[in-house]
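**Q** here are the coordinates; sequence isn't available:
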Ligand SMILES: [Ca+2]
C-alpha cells in the first residue's frame, strides 16, 4: 500500500494545442533563370519561405525532382544538369509533421538543352552534271529547331561572313 500526504503532489497545467494543418509551400527561386524557358546551362534553385500561420511552425523544407521523385530535405542550392524538361516540386513540413498538401506544393520547370541540332544534307557531296537539288534537314530532339539558315559558296572555302552568300 502506498500512501502520501496531499502536499507530495504537484499539479501542472499543460496547454495542448493540436496542429493538423500543413504549411503553405515555400518559393522556388532561380538565379537569373526564368522557369519554363530553354537554356543551355545547368540550372540551380533555392527554396525559401512557406508559412505555418499560427500553427506549430515550419520544421524543414523539402523538394522532389519530377512527380515520381522522392521528397528530399532541402539544405542548400540544388543543381539540375539533366537535359530536357524537369519539373521541380517544393513543400514545407511543420513541427507537428504536417506537410503542404500535394495539390498546393510549389512547382517550377527547368528546361535544359546543351546539344546542337543535327544537320543532314541529301545528297551530301558529289559531282553534278547540271543543276543540283540538295535538301537540308535539321533535327533537335530536345528543344526543337527554332530556325535554320544556310550559306553556299562557289569554292571549297566557306565565306568568312556567315550571313552572306556568294
Ligand atoms: Ca501546421
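**A** Everything's here; your move. Here the structure is a predicted model, which is why all the values come from computation and not from measurement.

**Q** And the spatially most central residue of the chain, how far from residue 79?
**A** Central residue of the chain (C-alpha atoms, centre = their mean): residue 110, 3.6 Å from the mean position. Distance from residue 110 to residue 79, counting by C-beta to C-beta, to the nearest Å: 10 Å. For the C-beta atoms, the positions are set from N, CA and C on the backbone; glycine is no exception.

**Q** Return every residue with contacts to both of those two.
**A** Any residue near both residue 110 and residue 79 by C-beta atoms under 8 Å, 6 or more residues apart in numbering counts here, and that gives residue 43.

**Q** still on that earlier bit, next one, pLDDT for the residue nearest to the centre of the chain please.
**A** If you check residue 110, the pLDDT there is 97.

**Q** just the one 4 residues further on next, same as before
**A** Residue 114 carries a pLDDT score of 97 in this model.

**Q** What's the end-to-end length of stretch 64-82?
**A** With C-alpha to C-alpha, to the nearest Å as the measure, the ends of stretch 64-82 fall 14 Å from one another.

**Q** in that stretch, what counts as buried?
**A** 64, 65, 74, 78, 80 (16 or more other C-beta atoms under 10 Å).

**Q** mean confidence score for it?
**A** On average, the pLDDT along stretch 64-82 is 97.
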